[in-house]
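Colleague: What would the 3D arrangement of this be:
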Amino acid sequence: MLLYWSVKKINTTGVRTRPNKKNKQLPIAVNNRQFRFSDHRSPAIFFFSHLQHEKMHYLFISIVLYAFWLLLSGHYVALLLALGGLSVLIVVFFLRRMDRFDGEPSTLRPGLKFLRYIGWLLGQVVLSNVALARRVWDPALPIRPTWGKLDTSVSTSLEKTLYANSITLTPGTLTTDVNDDHFMIHCLSPEELEDLRKGEMERRVKDIGV
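Modeller: Numbers count the residues shown, from 1 in each chain. Below you'll find the predicted structure:
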């Protein structure tokens with residue numbers, strides 16, 4: 001999670017320690033995560049600043065989810081609007097519980113790089129649909145199901161999630177298993193697996209910086 005000003009994460013043990021007299025920086029534990037801040041800021045100011053930022057974080061997620069729901073729904077009856085809002089609140093409630101449990105709140109924001117990636121991914125979905133239709137109808141392009149290993153260098157959990165789901169969203173490929181350094185991929189032809197091994201999708205996921 002983004003923090004304000006001079007805050008620096010020093011560990012994830014959640015253990016409070018004494019002030020460091022050399023650099024005059026004080027550590028504080030918030031949600032089982034320990035941060036260091038300059039001694040001119042009191043722990044109370046830091047704590048309430050963190051809470052304010054956390055509220056804005058989940059408020060932003062709620063607004064984005066509700067706007068996306070409205071876009072997909074297309075119905076603006078009071079009852080449906082209320083049910084949509086209730087659904088968003090339930091999702092955000094469980095998201096907050098998961099963030100507190102694993103100590104790794106999501107930092108994905110719909111910035112320019114992310115929106116550019118979504119646009120590229122939608123284009124790949126269209127191209128994959130066309131290629132799949134050709135393979136189904138053209139006898140010269142036989143379907144040869146393949147299950148193979150795809151080596152990856154994505155490191156964070158969010159990168160792995162985004163990469164694995166992007167592969168599954170493109171027709172003809174399916175992520176069946178996610179490991180630290182590789183995915184197991186099912187494809188309708190060996191050529192599709194080779195295209196993934198070229199690494200363009202992986203490079204674009206890493207460029208987002210999540």
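
Colleague: Show me the shaky parts of the protein.
Modeller: Residue ranges of the chain with pLDDT under 70: 1-53, 103-110.

Colleague: quick one, helices of it?
Modeller: Here the chain has its helices, by DSSP state H, at 43-73, 78-102, 112-137, 157-169, 190-197, 200-208.

Colleague: Run the angle between the fifth one and helix 157-169 for me.
Modeller: Yep, that's helix 190-197 we're talking about. Interaxial angle, helix 190-197 versus helix 157-169 (axes from the mean of the first three to the mean of the last three Cα atoms, to 10 degrees): 160 degrees.

Colleague: Could you tell me which residues make contact with Ser87?
Modeller: Trp69 (Cβ atoms under 8 Å, 6 or more residues apart in numbering). Heads up, the C-betas are built off the backbone N, CA and C, glycines and all.

Colleague: Arg135 versus that one, what's the distance?
Modeller: In this view, Ser87 and Arg135 are 38 Å apart by Cβ to Cβ, to the nearest Å.

Colleague: next one: Gly209
Modeller: Between Gly209 and Arg135 the computed distance is 35 Å (Cβ to Cβ).

Colleague: Between these two, which has more neighbouring residues?
Modeller: Each of Gly209 and Arg135 has its neighbours counted (other Cβ atoms under 10 Å); Arg135 has more, 19 against 12.

Colleague: And for the residue most central in space within the chain, nearest residue in space, chain neighbours not counted?
Modeller: With distances taken as Cα atoms, centre = their mean, the residue of the chain nearest its centroid is Leu158 (4.1 Å). Distance criterion Cβ to Cβ, 6 or more residues apart in numbering; nearest residue to Leu158, sequence neighbours excluded, is Val210 at 4.5 Å.

Colleague: is it true that that neighbour touches Leu162?
Modeller: Yes - using Cβ atoms under 8 Å, Val210 makes contact with Leu162 at a distance of 6.8 Å.

Colleague: The two: which is more packed in?
Modeller: Set Val210 next to Leu162 and count neighbours by other Cβ under 10 Å: Leu162 wins out with 22 against 19.

Colleague: Kindly provide the distance from that one to Phe101.
Modeller: 21 Å.

Colleague: do Val154 as well
Modeller: Here Val154 is placed at a distance of 23 Å from Phe101 (Cβ to Cβ).

Colleague: Give me the more crowded residue out of these two.
Modeller: In terms of neighbours (other Cβ under 10 Å), Val154 is the more surrounded of Val154 and Phe101; the figures are 20 against 10.
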